[in-house]
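Enquirer: below are the sequence and a predicted model; questions follow.
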Amino acid sequence: DSGDGGHVTYAITSGNNPRRFTIDANAGVVTSLSGIDLDGLSQYNLLVTLSDNGNVSLSSTAVVTIGVTDCSDKKPQFVGLPYASQVPENREEQYVFQVVARGGDPSSSISYSLGDTFGGLFSISSSTGVISCLPLDYETQPTYHLIVTASDSHSRVSTNVTVNVTNERDRPMFANLPTTVYVQETSSYGDVVVSVHAVDPDGAPHKAILYSIGSADDEILSVFIIDAMSGKIRKNGSLDYERRKQYDVYVQAIYQSNSHLFSWSYVTVIVVDDDDNLPVFDQTSVYYVMVSSLSVTNTTLVTLHASDSDTGTNAAIEYVVAPSDRRHFSIGRLTGMLQIIQPITGQMSRLTVIARNPTNKARQTQVDVILTVATLSSSTPMFSSPKVVSLSLSEQLNVDTEVARAVATSSGTIKYEIAGGNVDGAWRVNRGTGSLFIAKKLVYERVSRYSLIVRAIIQQTPPLTDEKTFVIHVIPINDHKPRFSQLNPITVDIEEDQPAGTFITRATAYDFDTGTAGQLRYSLTGDALFSIDSVTGIVTTTAPLDYELRSSYTLYVQARDLGSPVLMADIELKLFVNVVDLLDDQPKFHKTR
């Protein structure tokens with residue numbers, strides 16, 4: 001239309017209650033009058049009427065739909081402030097507290113997060129707000145202040161959670177164990193070997209802790225004693241490096257007022273060798289030697305041999321001729337080969353030879369050597385060369401095994417005898433044939449080397465003799481099984497909820513073999529919640545124990561050596577582990593009808 005009939009105006013005639021919107025009558029632009037809250041309507045349907053200004057006004061209508069989008073003008077709010085919780089120390093991962101936030105954007109879920117987790121000690125479920133923690137230590141930090149943040153899609157809010165750690169009685173803790181100490185084998189009775197010291201992490205006085213030694217090895221209990229109050233371990237018996245070189249002394253620390261709280265550790269005592277053994281000649285009384293002449297110089301008359309049961313430099317030996325005899329005789333300082341350096345008149349000579357430690361010359365032994373000129377005849381027995389024979393024999397050989405034959409020649413009837421070096425009577429010789437036999441079982445750990453002197457004799461006045469030396473080296477075999485040195489069985493109490501890696505006990509065994517045959521390895525069977533260090537024998541947990549799930553365990557420790565063939569202990573070490581119940585479960589409501 002033209003004129004007034006063509007001029008139109010706009011008006012909102014319905015759907016604007018309460019009055020939220022307005023419309024420009026000429027332009028038709030719809031605007032809001034005030035802030036729109038999603039808590040009101042999420043959609044408005046406005047009826048807009050369009051009218052002209054003719055004499056007879058004509059009009060038409062249209063519906064304008066306006067959707068309201070949430071702009072989340074409300075932040076989440078924590079419920080039940082302030083937040084505080086108490087948790088006991090030394091528990092495995094445990095519940096601390098649950099925070100709850102409400103409000104905010106109803107179309108968006110709330111997510112929770114922690115600020116400082118204190119090195120990963122604390123964590124929170126992003127969806128539930130449940131805070132958990134790893135084992136805490138009251139003595140390290142008794143209180144923690146956590147900052148928890150609740151977030152939705154548009155806003156976030158934070159609050160504090162105070163966590164108070166409650167103190168519990170801790171086991172005694174050794175301050176200086178395990179350790180290794182070195183003790184001279186000739187140290188005096190009553191000498192302090194080591195002072196062990198345990199402390200109460202909760203600060204109880206030292207007098208509340210008692211000490212004791214525990215072992216199934218009677219020798220340990222007889223050689224070492226401990227003062228129950230001071231923890232001083234003293235020597236109470238003799239030590240002999242040549243017999244035993246190491247002791248593992250197990251020490252228990254226990255509260256005087258609470259026998260359920262105790263700890264075990266150990267002291268490894270290494271025996272230090274002293275030069276406490278004198279050299280010993282193979283022939284301990286007198287060497288009788290038949291020689292063809294005392295006037296031929298620079299010829300070897302006899303080879304002397306001595307041994308020292310000490311070790312290392314303490315076992316070193318050098319040979320010297322007594323000062324009064326050095327004009328006519330010399331001896332190899334290390335070989336013991338005796339020679340004439342100045343001719344001697346006569347048919348017999350006597351001299352003294354000394355075996356001593358090169359660095360401690362006071363540790364010496366002397367022996368007399370009597371040299372007699374033999375009247376050589378077809379009757380004089382003669383051994384063929386060499387006069388010194390070396391043999392290597394396994395200790396596995398049976399008694400009565402023939403190992404060698406010493407045969408001399410003579411026109412007369414020869415008898416044979418062992419003239420020296422027959423330690424422990426381990427050898428015998430056939431008097432008629434000169435065959436050398438094993439008389440006693442060879443044991444490398446007891447005697448590893450023999451120097452046997454076999455003498456051939458023609459019985460007359462004076463007797464005619466010759467000698468031959470057999471140097472016999474004993475080859476060790478793996479002939480000893482490991483044996484456990486502890487009380488069997490062992491019973492150990494351990495509190496539940498202790499972290500993985502908690503010490504249970506240490507298994508110890510010994511083996512009288514040497515070398516790899518005397519080295520031991522340990523294994524454990526019974527339950528996967530426990531493991532053992534194959535070298536040290538230390539048994540630990542692999543996970544926390546729960547009294548409510550299982551209150552006791554039976555474990556078995558086996559020891560084997562590294563010899564060939566491998567030998568194992570005849571009897572396994574049985575270990576009973578009792579789990580000590582703690583008040584670690586919270587009350588729970590039971591659903592009733």
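Expert: Nice, I can see it.
Enquirer: pretty sure Ala456 contacts Gly434?
Expert: Yes - counting by CB atoms under 8 Å, Ala456 touches Gly434, with 7.1 Å between them. Where you see a C-beta, it was placed from the backbone N, CA and C, and this is true even at glycine.
Enquirer: mutual contacts of those two, please.
Expert: Ala406, Ala408, Ile414, Tyr416 (CB atoms under 8 Å, 6 or more residues apart in numbering).
Enquirer: hmm, who's touching the helix or strand bottoming out on mean pLDDT in the chain?
Expert: When each helix and strand of the chain is scored by mean pLDDT, DSSP states H and E, strand 286-291 comes last, with a mean of 77. Outside strand 286-291, the residues that touch it by CB under 8 Å, 6+ apart are 281, 301-302, 304, 367-374, 380, 419-420, 464-467.
Enquirer: can you rerun that using 10 Å?
Expert: Strand 286-291 is contacted by residues 281, 299, 301-302, 304, 338, 340, 347-351, 353, 367-376, 380-382, 419-420, 453, 455-456, 462-467 when judged by CB atoms under 10 Å, 6 or more residues apart in numbering.
Enquirer: can you give me the buried ones in the one helix or strand Val471 maps to?
Expert: Using DSSP states H and E, Val471 maps to strand 464-475. Within strand 464-475, the residues that count as buried by 16 or more other CB atoms under 10 Å are Leu464, Thr465, Asp466, Glu467, Lys468, Thr469, Phe470, Val471, Ile472, Val474.
Enquirer: please apply the same query to stretch 118-129.
Expert: Buried residues in stretch 118-129, counted by 16+ other CB under 10 Å: Leu121, Phe122, Ile124, Gly129.
Enquirer: what of stretch 527-534?
Expert: Neighbour counts over stretch 527-534 (16+ other CB under 10 Å) mark Leu529, Phe530, Ser531, Ile532 as buried.
Enquirer: ends of that stretch, how far apart?
Expert: This stretch, stretch 527-534, spans 16 Å end to end (CA to CA, to the nearest Å).
Enquirer: re earlier: farthest pair within the buried residues of stretch 527-534?
Expert: Maximum pairwise distance among these (CB to CB): 12.2 Å, between Leu529 and Ile532.
Enquirer: quick revisit: mind checking which of the buried residues of stretch 527-534 land in strands?
Expert: Judged by DSSP state E, these include Phe530, Ser531, Ile532 as members of strands.
Enquirer: just want the angle from the host helix or strand of Ser451 to strand 286-291.
Expert: Assigning secondary structure by DSSP H and E places Ser451 in strand 449-458. Using axes from the mean of the first three to the mean of the last three CA atoms, to 10 degrees, the inter-axis angle of strand 449-458 relative to strand 286-291 is 60 degrees.
Enquirer: quick one: strands adjacent to strand 449-458?
Expert: Using DSSP bridges, the strands paired with strand 449-458 are strand 415-420 (antiparallel), strand 464-475 (antiparallel).
Enquirer: show the pLDDT at Gln77.
Expert: Listed pLDDT for Gln77 reads 88.
Enquirer: isn't there a helix covering it?
Expert: No - under DSSP: H, G, I helix; E, B strand; the rest coil, Gln77 falls outside any helix and is assigned strand.
Enquirer: distance check, Ile477 against Asn298.
Expert: Ile477 is 43 Å from Asn298, where distance means CB to CB, to the nearest Å.
Enquirer: which one of the two has more residues nearby?
Expert: Neighbour count, other CB atoms under 10 Å: between Ile477 and Asn298, Ile477 has more, with 17 against 8.
Enquirer: any weak-confidence spans in this structure?
Expert: Residue ranges of the chain with pLDDT under 70: 1-5, 34-40, 69-73, 104-107, 204-207, 216, 259, 284, 374-378, 583-593.
Enquirer: report the longest strand in it, please.
Expert: strand 258-272.
Enquirer: how far out from the middle of the chain is it?
Expert: Centroid separation for strand 258-272 versus its chain: 14 Å, with CA atoms, centre = their mean, to the nearest Å.
Enquirer: okay, buried residues for stretch 482-493 please.
Expert: Using 16+ other CB under 10 Å as the test for burial, stretch 482-493 gives Pro482, Phe484, Ser485, Gln486, Ile490, Val492.
Enquirer: which of the residues you listed fall in strands?
Expert: Going by DSSP E, the strands hold Phe484, Ile490, Val492 from the buried residues of stretch 482-493.
Enquirer: this completes my enquiry, with thanks.
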